[in-house]
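In: model this:
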Amino acid sequence: MKNRRIWGTLTAILLVLTAGFLVPGQANNNRVEIAQQPNCKSPQTTVDMNICSSQEFKAADTKLNQLYQQLLPKINSKQKQRLTAAQRTWVKFRDETCDYSAGNFEGGTLAAPIYVSCKAKVTQDRVKDLEGYLEQASL
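Out: Residues are numbered from 1 along each chain as shown. Below is the predicted model:
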């Protein structure tokens, strides 16, 4: 008898919970809203800064990788070795430089966007270097 009562109560609770998800008017109120894209020209929150700096870095990194791949077939094997070594050293430089920049905000909410924004800027500078290398190799 006691088990029947527990099962009956659990079944009733389950039905009430399920009904809440099945009723169309209420189902719309339970949806998760999708965040709008922030205005990256003037981000207002730390979350916006994180999103914008991540997008900026991703674009710069994509461009850098495209240029690198375009450059490789245009240079001889010795230059390829040098470029590969330079890129590895540059990645370490980029990361250490940005660790330093973000270190001023360590433990705070601005550390992450400062770090990623720095990576974007340093990568954009490296893109200019690779564009120059590609131009030289194309002569």
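In: three-state assignment of residue 41?
Out: With DSSP: H, G, I helix; E, B strand; the rest coil as the basis, the three-state label of residue 41 is coil.
In: If I look at it, what pLDDT would I see?
Out: The score at residue 41 is 86. That number is its pLDDT.
In: Kindly provide the distance from the spatially most central residue of the chain to residue 113.
Out: In the chain, the C-alpha closest to the average C-alpha coordinate belongs to residue 54, at a distance of 4.2 Å (C-alpha atoms, centre = their mean). Here the criterion is C-beta to C-beta, to the nearest Å. By it, residue 54 lies 9 Å from residue 113. Glycine gets a C-beta too; all of them are placed from N, C-alpha and C.
In: what do you get for residue 70?
Out: Counting by C-beta to C-beta, the gap from residue 70 to residue 113 is 31 Å.
In: Ok, residue 138 next?
Out: From residue 138 over to residue 113 the distance is 37 Å, taken as C-beta to C-beta.
In: okay, the two: which has more neighbours?
Out: Looking at residue 138 and residue 113 with other C-beta atoms under 10 Å, you find the greater number of neighbours at residue 113, namely 22 against 9.
In: Pretty sure that one sits against residue 40.
Out: No - under the criterion of C-beta atoms under 8 Å, residue 113 lies out of contact with residue 40, with a separation of 11.4 Å.
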